[in-house]
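Colleague: for reference, the sequence and a predicted model appear below.
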Amino acid sequence: MRVIPLSLLVLTACGDKADDDAGSGVGVEVDVDEDGYTLDIDCDDTDAAVHPGADELCNGIDDDCDSEIDEDAVDMGTWYLDVDGDGFGDLESELTSCEDPGEGHVTDATDCDDTEEGVFPGAEELCNDVDDDCDGEIDEDAIDATTAYADVDGDGYGATDGGLTGCDHPSGYVDNADDCDDDDDDTWPGAEEVCEDGVVNDCDGTEADASAACPATWPGTVDGGQLGVVADGEGGLGGSAVSSAGDLDGDGLADMLVGAPFDSSQGEDGGRAYVVLGGATGTVSSPDGSITHTEGLRELGMAGAIVADMDGDGFDDVLLGAPARSHEDDAGAAYLFLGPASGGLDQDDRHALVSGEVAGDELGGAVAGLGDVDGDGHNDLLVGAPERDDDGPTGGAYLLLGPISGSVSVGSAVAFHGIGSDSALGAAVAAVGDTDGDGLMDMVVGAPRDAVTDEPYGAAYLVLGAATVSGGDVDSVADVRFGGTSLSADLGSSAAGAGDVDGDGHADIILGSPSSSGDSEGSGRAYVFLGGVSGNQDDADALLIVEGDAAQQGTGTAVGSAGDVDGDGLDEVIVGAPSVAGAVYMVMGGVSGTMSVGDASLMSSGVATDDGAGAALSGGTDVNGDGVPDVLVGAPGADGGGSDAGAAYLLSVGGGF
């Protein structure tokens, strides 16, 4: 074998290449990194990313072979000065570099004020006239914005609704919503109570607080009241009976009835009743209506009541007792006159006449309008005959179911008979409202000489309304007997509904015992018994006992409800004590136990000796239109229209909230 030296092979190869290049006329260079640039122009032919025209990067290399390193690198960072250090920079301070310039520079250029640390995108907007969150709006939805409320009445307290939330508020707005009445500048939290405005002025107070700040007031004497009805005629005893229980003329005001049973203007002791319409003031000597009996010795007006509409014409009506009618035997009668009962009327103008059936019955000695006791939609009446004689003057009472008209026989009525000799059942009769909550009206019949369970200390009987009310001996048909003891002689001489004095939702009952003796002989008492009770009760079961404080005072001769005069939701009671000048006392609802009349909330006395103020009472209705119930007081011994002509006075409660 022939051996060719290696050097000769190499020279031959190179010679071939040189010959090729020389033959083509083009110079060929090596491109080791295959980036398209040969060694003669590629500044680093070992790195395909490095060549002329390459993107300069921040990598410490001359990527584009221009002899400069990292200039205008495509991955260069942009930073901004953050002068206030809140993490957001100022666009105007832009800095581009391959190296982080360090503290004081950030990559976010959205700060709208780089001099305020609290101003940056997303900052909490404040009420400072600055665009804190850099959204182009100032103070919008600021976290320290406040809500203001309209203060219409200018008392510094805003209405509870309609608030405006923002950094600025218009004039007339305040920063609280505490005013419970923004139309009344006397009403705001902590306001001093303005009496007699019917408003609890302190928004944080209660009606009880308001009542305590503004106690009710009464004139010291009955003639200081808003109205005086002066009976005309000596000896007529006007005010022996009074009623303000209804609206005779339909004007929305309660009207007044004043009985003068011994008026002799049309016949000796024929009797008379005065009608005075609500709203009257001053001294009334010319009434709106007058009902007389043209026959003497009838005593029309010994008892009287304005009763709920009996004929469905929309006007309340008048019921008058004449216990001496048929005077030779005193069987008595009751007359129903239709409202308005204006002008001059006499017994012949009656709508109905109820006559006593037995000589000496004295029917009409007591009368009452009951409302609807049997649920038939008609109002009913109750008439007492305290001297009804059934093997002795046991007394009786008659329930007359409406409608009634013409001549009515008590034989067709539901009759309640007294028990034992001389019980005087029917000496008092009263509508007492719904005591048991069944929606029907209930009634009470007094028997002041009743002795069915003991000595003749008196009693009163509660008969509940029902679809069918049974008559008979009263102790058998009554639902509750309120019996007197030795402390309560003649209990049941007077009786009335007391309203709801304790707030339990049941109508209560008040009874008089005017001859009973406490600390003084014959000082008298009044008892309040709760409705809703069952079984027999005696005076010890009473919720409230009001005692007289002077001998022969006659406390309890008349009793009644005054209605809720202080607006606390409880009804007040009134008690008459007609001895000498006489007086009427008011005890506020919610009181219990035994108390003296001297401790009563209000007292108004008669004017002159023997006026007998408080011999008759009626209350619980608004006569003068002030929104507060009034009290009508009979003073049959008053002498303004002649000796013992009598009078009645309207007492309007003042004060109160």
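Modeller: Right, received. Where do you want to start?

Colleague: how about residue 251: what's its closest non-neighbour residue?
Modeller: Nearest-residue entry for residue 251: residue 278, 6.9 Å, with adjacent residues in sequence omitted and distances by C-beta to C-beta, 6 or more residues apart in numbering. Any C-beta I mention is one placed from the backbone N, CA and C, and that applies to glycine too.

Colleague: next one, pLDDT for the one you found please.
Modeller: pLDDT for residue 278: 95.

Colleague: repeat that for residue 443.
Modeller: If you check residue 443, the pLDDT there is 98.

Colleague: partner strands of the strand or helix carrying it, with direction?
Modeller: For residue 443, the host element (DSSP states H and E) is strand 442-447. Strand 442-447 pairs in its sheet with strand 428-433 (antiparallel), strand 459-463 (antiparallel), by DSSP bridges.

Colleague: quick one: low-confidence parts of the stretch 301-450 of the chain?
Modeller: Along the stretch 301-450 of the chain, segments meeting pLDDT under 70 span 326-329, 390-392.

Colleague: residue 49 and residue 63: what is the separation?
Modeller: 7 Å (C-beta to C-beta, to the nearest Å).

Colleague: between the two, point out the one with more neighbours.
Modeller: Neighbour count, other C-beta atoms under 10 Å: between residue 49 and residue 63, residue 63 has more, with 26 against 13.

Colleague: give the contact list for that one.
Modeller: 49-50, 54-57 (C-beta atoms under 8 Å, 6 or more residues apart in numbering).

Colleague: now the buried members of these.
Modeller: By neighbour count, with 16 or more other C-beta atoms under 10 Å, the contacts of residue 63 hold 50, 54, 56-57 as buried.

Colleague: any chance of the residues you listed in JSON lines, plus secondary structure and pLDDT?
Modeller: Formatted as JSON lines, the buried ones among the contacts of residue 63 follow (DSSP: H, G, I helix; E, B strand; the rest coil; pLDDT from 0 to 100):
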{"residue": "50", "secondary structure": "coil", "pLDDT": "94"}
{"residue": "54", "secondary structure": "coil", "pLDDT": "92"}
{"residue": "56", "secondary structure": "coil", "pLDDT": "91"}
{"residue": "57", "secondary structure": "coil", "pLDDT": "93"}
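
Colleague: and the helices in this structure, which stretches?
Modeller: Listed in chain order, the helices of the chain (DSSP state H) span 6-24, 207-213, 474-477.

Colleague: which of those comes out lowest on mean pLDDT?
Modeller: helix 6-24 (a mean of 37).

Colleague: quick check: beta-bridge partners of residue 395?
Modeller: Using DSSP bridges, the beta-bridge partners of residue 395 come out as residue 425.

Colleague: surely it meets residue 446?
Modeller: No: Residue 395 is beyond contact range of residue 446, at 9.3 Å (criterion: C-beta atoms under 8 Å).

Colleague: joint contacts of these two?
Modeller: Joint contacts of residue 395 and residue 446 (C-beta under 8 Å, 6+ apart) are 424-427.

Colleague: out of the residues you listed, which is most surrounded?
Modeller: Most surrounded of those: other C-beta under 10 Å gives residue 425, at 35 neighbours.

Colleague: roughly how far is stretch 294-302 from the heart of the chain?
Modeller: Offset of stretch 294-302 from its chain centre (C-alpha atoms, centre = their mean, to the nearest Å): 45 Å.

Colleague: contacts for that stretch next, please.
Modeller: Here stretch 294-302 has contacts from 240-241, 258-264, 266-273, 291-293, 320-325, 327, 333, 335, 346-348, 364-365, using C-beta under 8 Å, 6+ apart.

Colleague: before we move on, back to that, let me have the strands paired with strand 442-447 in a markdown table, adding mean neighbour count and distance to residue 136 as columns.
Modeller: Formatted as a markdown table, the strands paired with strand 442-447 follow (neighbours: other C-beta atoms under 10 Å; distance: least, C-beta to C-beta, whole Å):
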| stretch | mean neighbour count | distance to residue 136 |
| --- | --- | --- |
| strand 428-433 | 27 | 73 |
| strand 459-463 | 29 | 82 |
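
Colleague: can I get the ones you listed in a markdown table with distance to residue 474?
Modeller: Formatted as a markdown table, the strands paired with strand 442-447 follow (distance: least, C-beta to C-beta, whole Å):
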| stretch | distance to residue 474 |
| --- | --- |
| strand 428-433 | 12 |
| strand 459-463 | 5 |
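
Colleague: what's the neighbour count on the nearest residue to residue 192 once chain neighbours are set aside?
Modeller: Once flanking residues are discounted, residue 192 sits nearest to residue 201: 6.9 Å by C-beta to C-beta, 6+ apart. If you count neighbours by other C-beta under 10 Å, residue 201 ends up with 24.

Colleague: can you give me the distance of residue 201 to residue 626?
Modeller: Computed as C-beta to C-beta, the residue 201 to residue 626 distance reads 18 Å.

Colleague: just residue 226 next, same as before
Modeller: Counting by C-beta to C-beta, the separation of residue 226 from residue 626 is 9 Å.

Colleague: what residues are shared contacts of the two?
Modeller: residue 652.

Colleague: settle it for me: which of the two has more neighbours?
Modeller: Neighbour totals were compared for residue 226 and residue 626, and residue 226 leads with 17 against 14 (other C-beta under 10 Å).

Colleague: touching, the more buried one and residue 653? I think so.
Modeller: No: counting by C-beta under 8 Å, residue 226 stays clear of residue 653, with 10.4 Å between them.

Colleague: between these two, which contacts overlap?
Modeller: Taking C-beta under 8 Å, 6+ apart as the criterion, residue 226 and residue 653 both touch residue 630.

Colleague: what is the burial count for residue 76?
Modeller: Count around residue 76 with other C-beta under 10 Å applied: 15.

Colleague: got phi/psi on it?
Modeller: phi -70, psi 140 (degrees, to the nearest 10).

Colleague: how about stretch 296-303: buried residues?
Modeller: 297-303.

Colleague: ends of that stretch, what's the gap?
Modeller: End-to-end distance for stretch 296-303: 17 Å, by C-alpha to C-alpha, to the nearest Å.

Colleague: how far off centre is that stretch?
Modeller: Offset of stretch 296-303 from its chain centre (C-alpha atoms, centre = their mean): 43 Å.

Colleague: then stretch 415-429?
Modeller: On C-alpha atoms, centre = their mean, the centre of stretch 415-429 falls 41 Å from the chain's centre.

Colleague: ok so, going back, tabulate the buried residues of stretch 296-303 (TSV), appending distance to residue 72.
Modeller: Putting the buried residues of stretch 296-303 into TSV (distance: C-beta to C-beta, whole Å) gives the following:
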residue	distance to residue 72
297	136
298	131
299	129
300	126
301	123
302	125
303	121
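
Colleague: among those, which ones are in strands?
Modeller: Among those, the members falling in strands (DSSP state E) are residue 303.

Colleague: quick check: residue 478 touching residue 460?
Modeller: No: under the criterion of C-beta under 8 Å, residue 478 is not in contact with residue 460, lying 9.1 Å apart.
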